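Engineer: I need the structure of the sequence given here:
(one chain, ligands or ions: 2)
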Amino acid sequence: MRTIELLTSAEMAEVDRRAIAAGPFDGIGLMRNAGQAVASLVLARWPGAPRVHVLAGPGNNGGDGYVVARLLHESGVAVSLWASGKPRTGSDAALAAAECPLPVHDLAAFDAEPGDLVVDALYGAGLSKPLVGADARAVDKVAALGLAVVAVDLPSGVSGDSGRVLGRAFKANLTVTFARRKPGHLLLPGRELCGEVVVADIGIADAVVASIGAGTFANEPELWRAALPVPAIDTHKYRRGHVGVFSGGPASTGAARLSALAAARAGAGAVTVLSPGSAMQVNAAHLTAIMLRRTDDASDLDAFLADRRPSAFVLGPGFGVSEKLRDFALVVMASGEGEGPSGVEGLVLDADGITAFRDDSAPLFQAAGAANAPALVLTPHEGEFARLFADLAGDETLSKLDKARKAASRAHGVIVYKGPDTVIAAPDGRAAINANGAPWLATAGSGDVLGGIVAGLLAQGMPAFEAACAAVWMHAEAGARFGPGLIAEDLPQALAPVLRELLGDHAR
Ligand SMILES: NC(=O)C1=CN([C@@H]2O[C@H](COP(=O)(O)OP(=O)(O)OC[C@H]3O[C@@H](n4cnc5c(N)ncnc54)[C@H](O)[C@@H]3O)[C@@H](O)[C@H]2O)[C@@H](O)CC1
Ligand SMILES: [K+]
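Structural biologist: Residues are numbered from 1 along each chain as shown. Ligands and ions are numbered 1, 2, ... in the order given. From the prediction side, this is the model:
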């Protein structure tokens with residue numbers, strides 16, 4: 001089972017409540033199903049473990065642990081049960097504990113042998129403070145012995161909402177979660193600590209999950225595949241969209257060409273590099289399918305907008321932080337003000353395009369919020385994010401997901417907060433977390449390519465949030481498939497097979 005909604009702990013609690021109200025399972029019924037799912041995976045994956053140590057906390061996560069301990073024991077596995085705290089009288093966890101015939105040892109005395117397996121059922125969605133005392137010592141002991149760990153719902157110590165570690169956390173080989181994944185399974189460092197994540201069906205209907213209208217998703221093709229542009233058979237190149245990419249001066253033109261190439265590979269019918277006069281020669285020497293147009297100032301840009309009806313822009317890569325950049329950005333963002341549709345779908349601001357607004361972002365964000373304005377897509381990495389949204393970046397209480405969401409709402413634009421766990425957030429509150437990235441993508445020029453893909457999709461009329469999500473996934477997928485030796489120049493070409501697969505029958 002793998003569906004793309006991600007549930008916060010509050011949303012999951014509400015889903016549990018509604019599932020119990022709707023039936024057929026009550027709380028202990030769901031808990032038995034959860035424990036059964038974990039026990040089955042333990043038996044299937046670690047059939048030869050000499051002993052399984054189940055660590056049970058005081059809440060429902062511990063309740064799942066008591067079920068696992070009982071079922072493994074009934075299957076003939078040697079099980080030791082260690083408890084941290086006691087389930088509250090009358091709780092589902094207390095029922096599960098009462099059904100478990102094994103002796104309960106105090107976690108403070110926890111001991112194990114190398115080769116044993118640990119089932120971590122200390123804390124899950126209810127983690128509320130850092131692990132200390134016997135809990136923390138158990139984490140250290142398990143790590144020191146190098147024991148394999150199966151985490152119930154989440155590795156204890158990892159926040160399901162933020163992916164952060166509270167104090168200390170287990171590093172699991174396998175995490176079994178229920179109904180849907182949580183943001184902490186995808187956000188770092190949580191993702192690393194979860195190991196493989198399996199989502200078990202415990203009898204909560206999809207309709208119950210749908211009823212709460214979750215706004216957070218795993219960035220997987222299911223989220224945006226239906227919005228991918230498919231060229232019609234009788235299409236014309238300009239109907240497939242025209243992307244303008246602003247070039248920097250003669251010594252820094254490569255970034256714009258990378259973006260331009262990526263926009264073309266993403267399916268834009270035409271791409272023009274908009275170059276200062278001083279860099280025309282160097283750009284001309286390196287462009288073939290991509291067009292070139294001299295653009296020195298705002299009036300040149302106005303002329304391009306009027307003559308060539310461009311549909312999306314990339315501004316920032318290699319451009320230099322300057323007043324000219326701000327002018328260009330604001331001209332593009334104002335292009336929707338005239339009578340009738342301007343045809344400009346969006347502006348992607350990356351790198352210097354973000355930094356240029358660090359001290360005065362209000363005009364940009366205001367323009368983005370105006371009626372008929374092109375969509376604004378900002379693609380900051382961590383440093384750039386901190387320049388534009390210093391207060392959000394420094395707020396320790398916010399997760400990466402929260403930060404991206406708040407930034408999107410403030411900017412009236414889509415935020416692509418880059419990193420190994422890129423978060424894409426829309427001003428309407430939707431957000432997605434990407435998890436198919438690969439370390440090979442951390443290479444110079446990689447971000448320029450990403451900006452170009454976003455613009456290429458925007459130009460073809462794909463809505464901004466979906467375009468940004470699709471671009472992030474395709475970019476990561478292309479990089480991961482290429483693997484070692486990847487340089488940014490390889491990425492546009494590597495996109496082709498990824499797109500072909502995504503388009504399926506439409507690719508013929
Ligand atoms: N019906 C349900 O609600 C279901 C819940 N399930 C399980 O229930 C879990 C959530 O249960 P709970 O909400 O009871 O939460 P947890 O069991 O994760 O933890 C809550 C308890 O632990 C204490 N606690 C939290 N952090 C602590 C720390 N660092 N040190 C010491 N004590 C700490 C809290 O005060 C509370 O007593 C899920 O993760 C899942 O495993 C599953 O059984 C499926 C059904
Ligand atoms: K756990």
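Engineer: so what's D490 up against?
Structural biologist: Shown here is D490, whose contacts under the criterion C-beta atoms under 8 Å, 6 or more residues apart in numbering are F482. Every C-beta, even on glycine, is put in place using the N, C-alpha and C of the backbone.
Engineer: ok, the closest residue to P130 other than its chain neighbours to ligand 1 distance?
Structural biologist: What sits nearest to P130 in space, not counting adjacent residues and going by C-beta to C-beta, 6 or more residues apart in numbering, is G167, at 2.7 Å. For G167, the distance to ligand 1 under the criterion C-beta to the nearest ligand atom, to the nearest Å works out to 7 Å.
Engineer: my guess is G167 meets S128, correct?
Structural biologist: No. Under the criterion of C-beta atoms under 8 Å, G167 makes no contact with S128, lying 11.6 Å away.
Engineer: quick one: V243 is in a strand?
Structural biologist: Yes. V243: assigned to a strand according to DSSP: H, G, I helix; E, B strand; the rest coil.
Engineer: confidence score at it?
Structural biologist: According to the prediction, V243 has pLDDT 98.
Engineer: mind checking the SS state of the residue nearest to P130?
Structural biologist: Judged by three-state DSSP, the three-state class of G167 is coil.
Engineer: give the contact list for it.
Structural biologist: The neighbours of G167, taking C-beta under 8 Å, 6+ apart as the test, are K129, P130, L131, V132, A136, G157.
Engineer: neighbour-wise, which of these leads?
Structural biologist: Highest neighbour count within those, by other C-beta atoms under 10 Å: G157, with 25 neighbours.
Engineer: ok, the closest residue in space to that one that isn't next to it in sequence to G195 distance?
Structural biologist: Distance criterion C-beta to C-beta, 6+ apart; nearest residue to G157, sequence neighbours excluded, is A169 at 2.8 Å. Here A169 is placed at a distance of 12 Å from G195 (C-beta to C-beta, to the nearest Å).
Engineer: and what of A393?
Structural biologist: In this structure, A393 and G195 are 29 Å apart, going by C-beta to C-beta.
Engineer: same question, G353
Structural biologist: Between G353 and G195 the distance is 38 Å, computed by C-beta to C-beta.
Engineer: looking only at neighbour counts, state which of these two leads.
Structural biologist: Shown here are G353 and G195; by other C-beta under 10 Å, G353 has more neighbours (28 against 18).
Engineer: quick one: low-confidence parts of this structure?
Structural biologist: 1, 233-236, 238, 339-341 (pLDDT under 70).
Engineer: quick check, central residue of it?
Structural biologist: Closest residue to the average C-alpha location of the chain: I433 at 1.4 Å, with C-alpha atoms, centre = their mean.
Engineer: is it in contact with L186, as I believe?
Structural biologist: Yes. I433 is in contact with L186 according to C-beta under 8 Å; the separation is 4.2 Å.
Engineer: can you work out which residues contact both of the two?
Structural biologist: The contact sets of I433 and L186 overlap at L6, A218, D421 (C-beta under 8 Å, 6+ apart).
Engineer: so which helix or strand takes in V498?
Structural biologist: helix 490-503 (DSSP states H and E).
Engineer: buried stuff in that helix?
Structural biologist: Within helix 490-503, the residues scored as buried using 16 or more other C-beta atoms under 10 Å are D490, L491, P492, A494, L495, V498, L499, L502, L503.
Engineer: surely the last one meets P231?
Structural biologist: No. In this structure, L503 is not within contact of P231 by C-beta under 8 Å, at 9.4 Å.
Engineer: how about the residues of this protein by ligand 2?
Structural biologist: By the rule C-beta under 5 Å from the ion, the part of the chain lying against ligand 2 is D120, G124, A151, V152, S156.
Engineer: at 8 Å instead, please
Structural biologist: With the criterion set to C-beta under 8 Å from the ion, the chain comes near ligand 2 through 57, 61, 120-124, 151-156, 170.
Engineer: any idea how far L301 lies from ligand 2?
Structural biologist: Computed with C-beta to the ion, to the nearest Å, the distance linking L301 and ligand 2 is 55 Å.
Engineer: farthest-separated two in the buried residues of helix 490-503?
Structural biologist: Of all pairs drawn from those, the greatest distance, 21.0 Å, lies between D490 and L503 (C-beta to C-beta).
Engineer: enumerate the residues of the stretch 1-150 of the chain near ligand 1.
Structural biologist: For the stretch 1-150 of the chain, the residues found near ligand 1 under the criterion C-beta under 6 Å from any ligand atom are 16, 27, 30-31, 34, 57-64, 123-131, 135.
Engineer: return the members of those classed as buried.
Structural biologist: When those are checked against 16+ other C-beta under 10 Å, the ones flagged as buried are 16, 27, 30-31, 34, 57-64, 123-125, 127, 131, 135.
Engineer: let me see the domain layout of this protein.
Structural biologist: Split into domains by automatic domain parsing, the chain comes to 9-218, 237-502.
Engineer: between those, which gets nearest to W224?
Structural biologist: Proximity to W224, assessed across those by C-beta to C-beta, is greatest for domain 237-502 (4.0 Å).
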